[in-house]
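Asks: Curious how this folds, go ahead:
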Amino acid sequence: MNTHTSVKTHSHDSDVTEFETIIVNITNEAHGVRSIDLAPADGDKMPQWEPGSHIDLLLSPELERQYSLCGDPDDNSIWRVAVLREPESRGGSEWVHEQLAVGNRLRVRGPRNNFHLVEEKEYLFIAGGIGITPILPMIARCEANAVPWRLVYGGRAESSMAFTRVLAEHGNKVTFWPQDNCGIIDLEALLGTPRENVAVYCCGPGVLLDAVEERCQSWPTGSLHLERFRPKAGALNGENTAFEVELDEAGIVVAVNAKESIVDALKAAGIHVPTSCREGICGTCETGVLDGTPDHRDSYLTDQEKQSNEVMMLCCSRSKSGRLVLDL
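Replies: From the prediction side, this is the model:
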């Protein structure tokens, strides 16, 4: 779940809800990938969502993780996520693969959408590995609206690439690119010539996103839309110093010491700011900046948005000035 080089509306999701679900189905979609179908525990309908949305799985009091919804947005009976078992799991994917079973109850929060499908005349989707998950509903929406699209889907090996059977039904609109047989995706052929009226959507490993981002620098502004599952390399690094944040609406000033984040300092002062990833990739804690200069350490905002200093991520970013005035 999440950085996007696109135009976004800077606001928190006011309709995000938390509720209990029941796991009604688990399917092994590929080697190391399983999908989880969740139905509301109260028998009601699931909240509506749009392609690009993600939810939080509250796996335990100390463990919550974000996963993209990859089912049918028009099916309000279930939500579906697909989870890759990560070799360097911090606990989330291991829990999903080892602990969850059909019939289990699981609290969830969402949906949120930081990866909206914008209206465009044509779409180019580039997915790597488990990055296929947010792309699936986008493809379905394009099909429903009869909008031209193409997908290039890469993975380490065909056996590790999920949902290939359903994707193969789209014929030559989809190009499978298993690395063990084809090498790395030929981005020069895909992106070497900038095109007008084409939205490029990419999700997958950081090395793929970085390469696509570099190739799209010559494309028209707003063409590229990315979603990151992890921060950019080195994004969270930097010298930590103490500073103050002034909350304009609340009319208070809170000190932030060198060892705490802004959200933690605010929490200690009794001010709650919604957070999710705590790494600057999901956009949940995005907050307006009225004065001062943020030290942006997120992997969510575009370079232009960071330069404007109009908003910042309070979970990881800090301040270059002695005081920040926030729209809180």
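Asks: Check what pLDDT Ser14 gets.
Replies: Turning to Ser14, the model gives it a pLDDT of 45.
Asks: Can you tell me the closest non-neighbouring residue to Gln48?
Replies: In space, and not counting its chain neighbours, Gln48 is closest to Asn76: 6.7 Å by Cβ to Cβ, 6 or more residues apart in numbering. In short, each C-beta sits where N, CA and C put it, glycine included.
Asks: Is that neighbour in a helix, a strand, or coil?
Replies: Per DSSP: H, G, I helix; E, B strand; the rest coil, the secondary structure class of Asn76 is coil.
Asks: Name all residues that make contact with it.
Replies: Contacts were defined as Cβ atoms under 8 Å, 6 or more residues apart in numbering; by that measure Asn76 touches 45-48.
Asks: Could you check how far it is from Gly234?
Replies: Asn76 sits 41 Å away from Gly234, going by Cβ to Cβ, to the nearest Å.
Asks: returning to what we had before: any idea how far the residue nearest to Gln48 lies from Met138?
Replies: 19 Å.
Asks: got it, and Lys121?
Replies: 15 Å.
Asks: Looking at these two, which one has more neighbours?
Replies: Neighbours per residue (other Cβ atoms under 10 Å) separate Lys121 from Met138, with Met138 holding more: 24 against 10.
Asks: Just the pLDDT at that one, thanks.
Replies: For Met138, the model assigns a pLDDT of 98.
Asks: Report the buried residues of the lengthiest strand in the chain.
Replies: The strand that spans the most residues within the chain, counting by DSSP state E, is strand 17-30. Neighbour-count burial for strand 17-30, counted by 16 or more other Cβ atoms under 10 Å, picks out 21-23, 29-30.
Asks: residue ranges with poor pLDDT in the stretch 1-150 of the chain?
Replies: Within the stretch 1-150 of the chain, the set of residues satisfying pLDDT under 70 comprises 1-15, 89-90.
Asks: And the strands in it?
Replies: Under the criterion DSSP state E, counting those that start in this stretch, the stretch 1-150 of the chain carries strands at the ranges 17-30, 33-40, 53-60, 63-68, 79-84, 105-113, 122-128, 149-155.
Asks: Ok, the stretch 201-328 of the chain next?
Replies: In the stretch 201-328 of the chain, the segments counted as strands under DSSP E, counting those that start in this stretch are 224-227, 243-247, 252-256, 286-291, 294-295, 311-313, 318-319, 323-326.
Asks: about what we covered before: check which helices and strands the longest strand of the chain is in contact with.
Replies: Taking 3 or more Cβ pairs under 8 Å, 6 or more residues apart in numbering; DSSP states H and E as the contact definition, the neighbouring helices and strands of strand 17-30 are strand 33-40, strand 105-113.
Asks: Put the alpha carbons of the last one into PDB.
Replies: In this case it means strand 105-113. In PDB, the C-alpha atoms belonging to strand 105-113 read as follows (Å, rounded to 0.1, in the frame of the first residue of the first chain):
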ATOM      1  CA  ARG A 105     -13.300 -13.400  12.900                       C
ATOM      2  CA  LEU A 106     -11.100 -10.500  12.000                       C
ATOM      3  CA  ARG A 107     -11.500  -6.800  12.600                       C
ATOM      4  CA  VAL A 108     -10.900  -4.500   9.600                       C
ATOM      5  CA  ARG A 109     -10.700  -0.800   9.000                       C
ATOM      6  CA  GLY A 110     -11.400   1.000   5.800                       C
ATOM      7  CA  PRO A 111     -11.700   1.400   2.900                       C
ATOM      8  CA  ARG A 112      -9.200   4.200   2.100                       C
ATOM      9  CA  ASN A 113      -8.100   5.200  -1.400                       C
END
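Asks: Cool, thanks, signing off.
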